[in-house]
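**Student:** return atomic coordinates for the entry below.
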Amino acid sequence: MSDRDAAFAEYFAARSEAMRGTAYLLCNDWHRAEDLVQATFAKIYVAWARINRHEALDAYTRQTLVRTFVSELRRGWFRKERVSESTPEAAGVGRGSAEDRLVLLEALAKVPPRQRAVLVLRYWEDLSVEDTARALDCSEGTVKSQAARGLQTLRGLITPQQGEKV
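**Tutor:** Next up, the predicted model:
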């Protein structure tokens, strides 16, 4: 194994799980997340010899992951409806519980993909508005508006409606 391949294998081993988590938050499907991560790291491997700034590698990988996700959105991969056996119910659990996390993940999956991408990058990956705009190849104003709309959508999905029992 060459030094190049060894360095790439080491980076892949260290960062693939974190990128898989981010990919899952984007697409809400573990199998799709795995495919996104594989496609992302395949692109990174091809560019590995040209990557000079290894200190910025995580940001480059994250940007590649998001762009791969957005590219698949444009091709219509995520627009298919998903069949489920039950209807979603409003959450009525305590703060900070595992149930809260599941409710949040379920609600996040219902947020439009572009808004979801902004929310994941801003609040899960903790990127700045500027870095998020760079990753999504859009303006900072778009990031701000999509974040505000995404949070509003999440609140509407999570907050019990008036008249519902908690």
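
**Student:** spatially central residue for this protein, please.
**Tutor:** Leu26 (3.0 Å; C-alpha atoms, centre = their mean).

**Student:** isn't that one up against Arg116?
**Tutor:** Yes: assessed by C-beta atoms under 8 Å, Leu26 is found in contact with Arg116 at 6.3 Å. (C-beta placed from N, C-alpha, C; glycine too.)

**Student:** may I ask which helix or strand of the protein has the lowest mean pLDDT?
**Tutor:** For the chain, counting by mean pLDDT, DSSP states H and E, helix 98-110 ranks last in confidence among helices and strands (a mean of 85).

**Student:** just how off-centre is that one within its chain?
**Tutor:** Mean-position distance between helix 98-110 and its chain equals 14 Å (C-alpha atoms, centre = their mean, to the nearest Å).

**Student:** need the next SSE after it, C-terminal direction.
**Tutor:** Following helix 98-110 in sequence order, the next helix or strand is helix 113-119 (DSSP states H and E).

**Student:** return the distance of Leu65 relative to Gly21.
**Tutor:** 11 Å (C-beta to C-beta, to the nearest Å).
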